[in-house]
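A.B. asks: When you get a sec, could you give me coordinates for this:
(2 chains)
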Amino acid sequence: LAKTTQPISMDSYEGQEVNITCSHNNIATNDYITWYQQFPSQGPRFIIQGYKTKVTNEVASLFIPADRKSSTLSLPRVSLSDTAVYYCLVGRFSGGYNKLIFGAGTRLAVHP
Amino acid sequence: DGGITQSPKYLFRKEGQNVTLSCEQNLNHDAMYWYRQDPGQGLRLIYYSQIVNDFQKGDIAEGYSVSREKKESFPLTVTSAQKNPTAFYLCASSRVPGQISSGNTIYFGEGSWLTVV
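C.D. replies: Below you'll find the predicted structure:
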């Protein structure tokens, strides 16, 4: 089971690009990398998912190097509403058992 | 709208009382899950269900019980045996149990706060 390591917290300002890196040295061949965003007292919201190289959607980009031992979530031009906790998730449901482990995530604070 | 509905949003439990949290999904997902989140912490798996009439214990199942009589419903009962139940509870689902992949991501409800009074 791949364990993930993320910075505990980050600070940014409105309009800046934010990059949050997640380390997952033990990622398995078939594992995907998924990022979630969580606001206080709300359920985590799916942001983006990828397997290799680069994935982009309307809210973020995900960069995954060739060795897949890390990934970087990129949030372009953040606003105050992007203040949240961001979770990097790597894993699989093994034999029907959900072995997804959520760490404490990265607390992003966006300032005016 | 398709999604996962949890109710109630806030619930208070007296000592020695059982309470039930509701979770309903209209995503036609086979797999459903219950997680517990303590303040400032990540999520911990309580129970999961791969299919109707089947469920398995997660990492912290003691003091909790579930049922899966219908595909769309997966209620969680917090029993009096759970000595520290105050937490944020999250229900989730995925299309099928198995490897996370494109098209098989886990989705969450909005959560329910349980407080012991």
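A.B. asks: Now do the same for the spatially most central residue of chain B: its pLDDT.
C.D. replies: Centroid-nearest residue in chain B: B:Trp34, 2.5 Å away (criterion: CA atoms, centre = their mean). Looking at B:Trp34, its pLDDT is 94.
A.B. asks: same check, this time on A:Ser9
C.D. replies: 96.
A.B. asks: Show the contacting residues for the nearest residue to it once chain neighbours are set aside.
C.D. replies: Nearest residue to A:Ser9, sequence neighbours excluded (CB to CB, 6 or more residues apart in numbering or on different chains): A:Arg107, at 4.4 Å. For the C-beta atoms, the positions are set from N, CA and C on the backbone; glycine is no exception. For A:Arg107, the contacting residues are A:8-10, A:84-85, by CB atoms under 8 Å, 6 or more residues apart in numbering or on different chains.
A.B. asks: Quick check: bridge partners of A:Arg107?
C.D. replies: Counting by DSSP bridges, A:Arg107 is bridged to A:Ser9, A:Val85.
A.B. asks: State the distance from it to A:Tyr87.
C.D. replies: 11 Å (CB to CB, to the nearest Å).
A.B. asks: pLDDT below threshold where in the chain?
C.D. replies: I went with chain A, as the question did not name one. A:1-2, A:92-101 (pLDDT under 70).
A.B. asks: Wait, chain B was what I had in mind.
C.D. replies: Looking at chain B by pLDDT under 70, you get B:1-2, B:97-103.
A.B. asks: just the strands in it please.
C.D. replies: Ranges of strands in chain B, per DSSP state E, are B:4-7, B:10-13, B:19-25, B:31-37, B:43-51, B:54-57, B:64-66, B:76-78, B:87-94, B:107-108, B:112-116.
A.B. asks: In contact with the residue nearest to the centre of chain B: list those residues for me.
C.D. replies: Contacts of B:Trp34 by CB under 8 Å, 6+ apart are B:23, B:45-48, B:58, B:64, B:66, B:74, B:76, B:89-92.
A.B. asks: how about a markdown table for the contacts of A:Arg107, with neighbour count added?
C.D. replies: Output for these, formatted as a markdown table (neighbours: other CB atoms under 10 Å in any protein chain shown):
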| residue | neighbour count |
| --- | --- |
| A:Ile8 | 9 |
| A:Ser9 | 12 |
| A:Met10 | 15 |
| A:Ala84 | 21 |
| A:Val85 | 19 |
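A.B. asks: sorry, back to before: what distance do you get for the residue nearest to A:Ser9 to A:Pro76?
C.D. replies: A:Arg107 is 20 Å from A:Pro76, by CB to CB.
A.B. asks: Residues of chain B that sit close to chain A?
C.D. replies: B:4, B:6, B:31, B:33, B:35, B:40-45, B:48, B:50, B:56, B:58, B:88, B:90, B:92, B:94, B:97-102, B:105-111, B:113 (CB under 8 Å from any CB of the partner chain).
A.B. asks: who's the closest residue in space to B:Lys9 that isn't next to it in sequence bridged to?
C.D. replies: Nearest non-adjacent residue to B:Lys9, counting by CB to CB, 6+ apart: B:Ser112, 6.0 Å away. In this entry, B:Ser112 is beta-bridged to B:Tyr89, by DSSP bridges.
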